[in-house]
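*Asks:* Below is the structure, and that's it, no one-letter string:
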DNA sequence: TATTGTTATACTCTATAACTATA
DNA sequence: TATAGTTATAGAGTATAACAATA
């Protein structure tokens, strides 16, 4: 008889699973994004720039959950690729409003399609129903809050 | 009427969700692990060292999906804390077998309990049944393929 | 005084390439 | 020749602290 009950296996750990899940997703989407000239991080920035009102750099950073100093470099890169523009806010001159150029909008559209397809491939081992459940559950454990789940009335 | 159909929101992206899920988990487990003197990465190493046969550094690295050069530093740290020992393999003198010290076993046991509790807190927004399904789905998307969902008899 | 963008800096995690000692 | 461990190095990705301009 082989030894048994060795305690937690590393493959059961969420820390391990989340790390490798991210690696698998980026192994799929990374190469697929190359023709667009942007990576997944830059796509995330473009994505938040068109959600609601065009944000300042600080607001964009907050939407992504990163520091404002990190956003500086990201915007620098995207501006160097002519995908976004910094426009001084007319009302508060400390702020830069960041907006997509027309080239930025085209790149966003193309990259969005590619990442949608990459996510479908990532989720391929699950049925359509399970994939939907999985996304919902991942959202709720990532951002638990009074929103969804069950509000303690 | 407000603008509609703006395309993918960043909060729906798996890349974004997986990143922040990992951040939430480590915000819970990181501080909780401090009293043990190790972090989650080191716990993962201790965990693979007691799975099956005591591995060489290379085997341990393969079990974790990291490079053997990265494992060197990890083992250095754990050895400096007297939690593991390098023992030259009697048969193949190129290899180091890495084994836990008794202090390493105690630390592993304590840290495992702490991380189990952290995972329960991480999963608290889900019912017990959903938490189980979530883990299974995360495993299958992370390591798809001809997988044994149950150990072969 | 407080906030925004910026810069300088540093830290974590990781990989690649080259070296050494064995095989 | 090939492999295991090691070392040196580099590259993402990120944050913190301090500064200038502006509020």
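*Replies:* In hand now; what should we look at? Remember, predicted model here, so these are calculated numbers, not experimental data.
*Asks:* Quick one: low-confidence residue ranges for chain A.
*Replies:* Scanning chain A for pLDDT under 70 picks out the ranges A:1-6, A:146-153.
*Asks:* which residues touch residue A:36?
*Replies:* With contacts defined as CB atoms under 8 Å, 6 or more residues apart in numbering or on different chains, residue A:36 is in contact with A:43, A:107, A:110, A:111, A:114. (Each C-beta comes from the backbone N, C-alpha and C, glycine too.)
*Asks:* and what of residue A:135?
*Replies:* Residue A:135 is in contact with B:12, B:14, B:17, counting by CB under 8 Å, 6+ apart.
*Asks:* These: which ones sit near chain A?
*Replies:* The residues of these that also fall near chain A, by CB under 8 Å from any CB of the partner chain, are B:12, B:14, B:17.
*Asks:* residues near the first one, how many?
*Replies:* Translated: residue B:12. 13 (other CB atoms under 10 Å in any protein chain shown).
*Asks:* how near is the residue nearest in space to the middle of chain A to residue B:86?
*Replies:* When CA atoms, centre = their mean is applied to chain A, the residue found nearest the centroid is residue A:44 (4.7 Å). Residue A:44 sits 42 Å away from residue B:86, taking CB to CB, to the nearest Å as the criterion.
*Asks:* Same question for residue A:20.
*Replies:* Taking CB to CB, one finds residue A:20 at 26 Å from residue B:86.
*Asks:* Tell me which stretches of chain A form helices.
*Replies:* In chain A, the segments counted as helices under DSSP state H are A:14-33, A:40-49, A:57-64, A:68-80, A:102-122, A:128-142.
*Asks:* Could you list the buried residues of the longest one?
*Replies:* If you call a residue buried by 16 or more other CB atoms under 10 Å in any protein chain shown, then helix A:102-122 has these buried ones: A:104, A:107, A:108, A:110, A:111, A:112, A:114, A:115, A:118, A:119, A:122.
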